[in-house]
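In: My questions are about this predicted structure, shown below with the sequence.
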Amino acid sequence: SGAACFGDGSGAPRRAKPQGKGAGMSHASNRSSPGRVSEPFRKEAVEGANDFIMELANEPAVGLYYLQEHVQSNVPVLMEMKGRFKECTKKAHKEIHSLNNSIQSLKDYQSASPIALDRMSAKLDELSKRIESRSQ
């Protein structure tokens, strides 16, 4: 990780300790010359930077993989739903058309004159009586 590059976990780079008279002389074999970064720290920093760059470079590919996976699993389901929706819409349009025709027929009957309706009723009554008389 990137924070591991800096040693103390604070995210700030390491600072060189001030060198005074006699300071650090006993550890001269373990330390590089003043101002130089030690080899283990340098290796850790390079590895951390490499890991960070690889993760950053691969992040779009990983995101696109998950997007592709999502599309492949959900698009067929959505297409099936779209087909069913179209079928239902066609059926609904047919029913709406039928209802509109029925409404128009009722409006036409409503606008018919009461005299014509009375004549129709009288004829139906006359036919009903004829049918009853023949069946007896």
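Out: Alright, I've got the coordinates.

In: packing partners for the least confident helix or strand in the chain by mean pLDDT?
Out: Scoring the helices and strands of the chain by mean pLDDT, DSSP states H and E places helix 114-135 at the bottom, with a mean of 88. Contacting helix 114-135 under the criterion 3 or more CB pairs under 8 Å, 6 or more residues apart in numbering; DSSP states H and E is no other helix or strand. For every residue, glycine as well, the C-beta is placed using N, CA and C.

In: pull the CA atoms of stretch 113-125 into CSV?
Out: Output of stretch 113-125 as CSV, limited to C-alpha atoms (Å, rounded to 0.1, in the frame of the first residue of the first chain):
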residue,chain,number,x,y,z
SER,A,113,-85.7,10.2,-29.7
PRO,A,114,-88.0,8.9,-27.0
ILE,A,115,-90.7,8.5,-29.7
ALA,A,116,-88.6,6.0,-31.6
LEU,A,117,-87.8,4.1,-28.4
ASP,A,118,-91.5,3.9,-27.5
ARG,A,119,-92.2,2.5,-31.0
MET,A,120,-89.5,-0.1,-30.6
SER,A,121,-90.8,-1.0,-27.1
ALA,A,122,-94.4,-1.4,-28.5
LYS,A,123,-93.1,-3.6,-31.4
LEU,A,124,-91.2,-5.8,-28.9
ASP,A,125,-94.3,-6.1,-26.7
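
In: How far off centre is it?
Out: Taking the mean of its C-alpha atoms, stretch 113-125 sits 64 Å from the chain's own mean (CA atoms, centre = their mean, to the nearest Å).

In: Of all residues in this protein, which one is nearest the centre?
Out: The centre of the chain sits closest to residue 70, judged by CA atoms, centre = their mean, with a distance of 8.9 Å.

In: From residue 48, how far off is residue 41?
Out: Counting by CB to CB, to the nearest Å, the gap from residue 41 to residue 48 is 10 Å.

In: Now for residue 65, which secondary structure element holds it?
Out: Element membership for residue 65, per DSSP states H and E: helix 39-111.

In: If you average the pLDDT over that helix, what comes out?
Out: Taken as a whole, helix 39-111 has a mean pLDDT of 91.

In: Let me know the angle separating that helix from helix 114-135.
Out: If you take axes from the mean of the first three to the mean of the last three CA atoms, to 10 degrees, helix 39-111 sits at 80 degrees to helix 114-135.
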